[in-house]
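Trainee: Mind folding the following:
(2 chains)
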Amino acid sequence: MNDPLDRFLRQHSPAVPPAPLGHLQTFQLALKRQHKPRRASWVLGLSLAALVLLSLFLPAKDEKVPQDLSEEAFIVETLDDFDQLLSFEEPIYEPY
Amino acid sequence: MKIKEEAALVLIPDAIRQSHDAFTDIYQRYHGSVRAVLFRFGIQAEREDLVQEVFLKAFRARADFREDSSPKTWILSIAINVAKDFLRKKRPVYVEAALETLQTATRDPDFYPTIEKALLSLDLPFREIIILCSIEGYSMQETAEILGIPEGTVKSRLASAREKMRTILAESGIVI
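Mentor: Purely as a prediction, here's the structure:
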């Protein structure tokens, strides 16, 4: 590399600024953080999966759970409602 | 041939593959070289972030490190790629800012802005050759390893890059 251009460029190029204070510590911290996000995402993923499973198998607190979902039970319940309609008593209007 | 001497240290490849503490040693050995290359590319404000990025990338890719290559050329090849990615994204704004900042840091206020302007106006393949071979003084073999190209290509590209630099400098009245 004895080209005159190379010598000229080296001679007139500014010196490289020194590294800032604490650069090594910054790097060490960044290096330590390399694994943390992975661990955090792993835990987060597992927690989310557990929540989804729970929500699938456990009913919501306010939700009314039907006791009997059979067709017979449905008919009986409907008939009961019908009886109630039939037993509806009309108000007696007294004549003026 | 300082790189060859460093590559001869048997501990380095092991350290590269080991955990955090060992990799800190790699950082301490080569951060200056990485910083110098990024500086020669004219990267100013973001330089320190990029130095960190280079070593973190190297840490993540440590399993890919090959025994037959030099740790320094491996780290510098990552640095060159990081610098090029950065320049591709930020070039239009960056050139003006870099020139302004570099003018204050120059050793010779008459020459350096012109040199830097000439350097920044070169296409990246020529600029990286001038930075590595002409300014930082890496051999053609080392430059070939860093850039991942054949030595013959380095030789021909260096000749073209010097020619282009001479032409640009001559236009500003600097004849070499």
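Trainee: so what's the residue nearest the centre of chain B up against?
Mentor: Centroid-nearest residue in chain B, with CA atoms, centre = their mean: B:Val37, separated by 3.2 Å. B:Val37 makes contacts with B:Leu76, B:Ala79, B:Ile80, B:Ala83, B:Ile131, B:Leu132, B:Glu136, as judged by CB atoms under 8 Å, 6 or more residues apart in numbering or on different chains. Every residue, glycine included, has its C-beta placed from N, CA and C.
Trainee: Which residue ranges of chain A form helices?
Mentor: Secondary structure of chain A (DSSP state H): helices located at A:4-12, A:23-33, A:36-57, A:71-86.
Trainee: Name the stretch among these that sits most buried.
Mentor: Ranked by mean neighbour count, the helices of chain A are led by helix A:4-12 with a mean of 16 (mean count of other CB atoms under 10 Å in any protein chain shown).
Trainee: how about it as CSV, C-alpha atoms only?
Mentor: Taking Å, rounded to 0.1, in the frame of the first residue of the first chain, the C-alpha atoms of helix A:4-12 are listed here in CSV:
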residue,chain,number,x,y,z
PRO,A,4,0.9,8.2,-2.9
LEU,A,5,-2.9,8.5,-2.8
ASP,A,6,-3.0,6.2,0.2
ARG,A,7,-0.3,8.1,2.0
PHE,A,8,-2.1,11.4,1.3
LEU,A,9,-5.4,10.0,2.5
ARG,A,10,-3.9,8.6,5.7
GLN,A,11,-2.0,11.8,6.4
HIS,A,12,-5.0,14.0,6.1
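Trainee: That helix and chain B, are they touching?
Mentor: Yes - using CB under 8 Å from any CB of the partner chain, helix A:4-12 reaches chain B at A:Pro4, A:Leu5, A:Asp6, A:Phe8, A:Leu9, A:Arg10, A:His12.
Trainee: What pLDDT is listed against the fifth one?
Mentor: At A:Leu9, the predicted lDDT confidence score is 90.
Trainee: next one: the second one
Mentor: Looking at A:Leu5, its pLDDT is 91.
Trainee: What is the burial count for B:Pro71?
Mentor: Using other CB atoms under 10 Å in any protein chain shown, B:Pro71 is surrounded by 20 other residues.
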